[in-house]
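Engineer: 3D, please:
(4 chains)
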Number of protein chains: 2
Amino acid sequence: MTVDDAAGPTLLPATAMAGRDEPVDRILATAYELFSSRGIRGVGVNELINSSGVSKATFYRHFPSKDALVLAFLELRDQVWTVDLIVGEARKRGTTAEEQLLAVFDVFGDWFQREDFEACSFINVLLEMGAGHPLGKASIDYLSRIRGHVQALAEEAGLDRPEEFARSWHILMKGSIISATEGDTLASKRAQQMARWLIEHHRGL
Amino acid sequence: MTVDDAAGPTLLPATAMAGRDEPVDRILATAYELFSSRGIRGVGVNELINSSGVSKATFYRHFPSKDALVLAFLELRDQVWTVDLIVGEARKRGTTAEEQLLAVFDVFGDWFQREDFEACSFINVLLEMGAGHPLGKASIDYLSRIRGHVQALAEEAGLDRPEEFARSWHILMKGSIISATEGDTLASKRAQQMARWLIEHHRGL
DNA sequence: CGGGGCGAACAGACCGGTCTGCCTCGGAGT
DNA sequence: ACTCCGAGGCAGACCGGTCTGTTCGCCCCG
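Structural biologist: This next block holds a predicted model:
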């Protein structure tokens, strides 16, 4: 799994796949597009293999089950979306750690207005499969990684109780994503304002 | 399936069904339980009819399709959960409108700790079916009704820009529900704290 | 010549939805 | 008071389609 070495954010893992045309890469790239936009249950294995131009036997040679592919998709999503698009872009947009934190919601604002905005795959999979399902548990794990990034920035900014801070911050992130799914593209601004208050109350006295 | 006629909130629609044993009521009661806990796609028509002790012909005499039943379920959920459990209970717990608003997150706190906590069906259905699907659109409508309750309370409390207030408030509600689904039962407290800041900034100067 | 990919058929389960019987119960007609 | 009939509920077979996953045969390329 190569790294996105190009400049600028992208939602598609195309750059990550650049130069590779192996069946396993085609499958993963297709899975990323389809799972992101239509969910897990909404995409069947037959559609996956047709769209990626791969035979079923080849598919099952590389992935023992559909769930295994979903797991790989979540891993890829963590890299492409969480790390590169959200955290990476936010760190680029701000100079201080506090600015970078707030920039998360600027990135959200751009993201919410995209045609292909498809909400957060980790939340989607968690709610679709349930917290008890292995895929739900994996999603919870990736969500906690997001919180880890926020906590790291909070520590850089020297904020009080960074773990608690990150949990509250994450509430704002997730809530604004749901609101954006409902159609409120300004949800990022509302969340950002509440985020400012949260920062103020976590600054060392 | 006995009836919970005791005082206090209940998540089951048993009280609404009290004294009735018609097939249509049994179907709806079963649908409420199964759809709430396992989602729409996770429950098939065959299981619905078996669990409610109804024949398939009877089922389709009362509901032209599964989607029609889901629509009826969402309507029931709005009454039982939104109106009775959340808004009704919050209004009971507070004296002033501001107290009643904040009490929403106290009710959430109790709700998050329930064994049968199953998140918000409207969010679940919205993400499961997509915002373009009729059921997704219906869910968006019911979510906006929740926001309407919040806005009404904000107006009673004399807060500034009640519509904007309600949208921000709703972000906190939805975000805390997702966090609770991940296992953070204290999410209600974190959201409540941010909600207090939100109230302060919407009070007339 | 052999491994990997392809296309396709196939299996078994389940999906939403239709339809055919059988039974019961209640009300109307004589 | 007795009969008759139809509405509505129950049970379950059945339909075409889709789901995940398996397997077989062919071909191409190293």
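Engineer: Give me the neighbour count for the residue lying closest to A:V24 once chain neighbours are set aside.
Structural biologist: Nearest residue to A:V24 in three dimensions, chain neighbours excluded: A:H62, at 4.7 Å (Cβ to Cβ, 6 or more residues apart in numbering or on different chains). C-beta coordinates here come from the backbone N, C-alpha and C atoms, glycine included. By the measure other Cβ atoms under 10 Å in any protein chain shown, the count of residues near A:H62 is 16.
Engineer: now A:G132
Structural biologist: 7.
Engineer: what do you get for A:E155?
Structural biologist: Per other Cβ under 10 Å, the neighbour tally for A:E155 reads 14.
Engineer: so what pLDDT did it get?
Structural biologist: According to the prediction, A:E155 has pLDDT 97.
Engineer: Check A:L48 too.
Structural biologist: The pLDDT attached to A:L48 in the predicted structure is 95.
Engineer: Next: A:F117.
Structural biologist: In this prediction, A:F117 has a pLDDT value of 95.
Engineer: Need the pLDDT of the residue nearest to it when sequence neighbours are not counted.
Structural biologist: Counting by Cβ to Cβ, 6+ apart, A:F117 lies nearest to A:W111, which is 6.3 Å off, once chain neighbours are set aside. For A:W111, the pLDDT comes out at 98.
Engineer: what's the answer for A:D21, then?
Structural biologist: The model's pLDDT for A:D21 equals 73.
Engineer: so how many other residues sit close to it?
Structural biologist: Other residues close to A:D21 by other Cβ under 10 Å number 7.
Engineer: swap in A:R91?
Structural biologist: Close neighbours of A:R91, defined as other Cβ under 10 Å, add up to 18.
Engineer: Is there a neighbour count for the residue lying closest to it once chain neighbours are set aside? I'd like the number.
Structural biologist: Of all residues not flanking A:R91 in the chain, A:Q100 sits nearest, at 5.1 Å (Cβ to Cβ, 6+ apart). A:Q100 has 19 neighbours, counted by other Cβ under 10 Å.
Engineer: right, and the secondary structure at A:Q100 would be what?
Structural biologist: helix (DSSP: H, G, I helix; E, B strand; the rest coil).
Engineer: what residues are up against it?
Structural biologist: A:90-91, A:93-94, A:153 (Cβ atoms under 8 Å, 6 or more residues apart in numbering or on different chains).
Engineer: Among those, find me the one that's closest to DNA strand D.
Structural biologist: Nearest to DNA strand D, judged by Cβ to the nearest atom of the strand, of the contacts of A:Q100 is A:A90 at 34.4 Å.
Engineer: Flag every buried residue along the helix or strand harbouring the closest one.
Structural biologist: Here A:A90, judged by DSSP states H and E, is contained in helix A:89-93. The neighbour-count check on helix A:89-93 (16 or more other Cβ atoms under 10 Å in any protein chain shown) flags A:89-91 as buried.
Engineer: and chain A, which residues reach DNA strand C?
Structural biologist: By Cβ under 7 Å from any atom of the strand, the part of chain A that sits against DNA strand C consists of A:22-23, A:53-58, A:61.
Engineer: farthest-separated two in those residues?
Structural biologist: The largest separation in these, counting by Cβ to Cβ, is between A:E22 and A:K56 at 16.9 Å.
Engineer: so what does the top helix by length along chain A touch, helix or strand wise?
Structural biologist: In chain A, taking DSSP state H as the definition, the longest helix is helix A:134-156. Helix A:134-156 sits against helix A:66-77, helix A:97-112, helix A:121-129, helix A:162-182, helix B:162-182, with contacts defined as 3 or more Cβ pairs under 8 Å, 6 or more residues apart in numbering or on different chains; DSSP states H and E.
Engineer: so where is chain A shaky, pLDDT-wise?
Structural biologist: A:1-20, A:205 (pLDDT under 70).
Engineer: how close does A:L71 get to DNA strand C?
Structural biologist: 20 Å (Cβ to the nearest atom of the strand, to the nearest Å).
Engineer: Setting aside sequence neighbours, what's the nearest residue to that residue?
Structural biologist: A:A138 (6.1 Å).
Engineer: Double-check that neighbour against A:A72; I have them as touching.
Structural biologist: No. At 10.6 Å, A:A138 does not count as touching A:A72 under the criterion of Cβ atoms under 8 Å.
Engineer: and stretch A:59-79, how far from the chain's centre?
Structural biologist: Centroid displacement of stretch A:59-79 relative to its chain, using Cα atoms, centre = their mean, to the nearest Å, is 16 Å.
Engineer: following the strand or helix carrying A:N50, which helix or strand shows up next?
Structural biologist: Assigned by DSSP H and E, A:N50 falls within helix A:45-52. Sequence order places helix A:56-62 as the next helix or strand after helix A:45-52, per DSSP H and E.
Engineer: I'd like the distance from that following helix to the chain centre, please.
Structural biologist: 27 Å.
Engineer: same check, this time on stretch A:29-41
Structural biologist: So, by Cα atoms, centre = their mean, the centroid of stretch A:29-41 is 13 Å from its chain's centroid.
Engineer: Residue of chain A nearest DNA strand D, please.
Structural biologist: The minimum distance from chain A to DNA strand D, using Cβ to the nearest atom of the strand, falls at A:G44 (3.0 Å).
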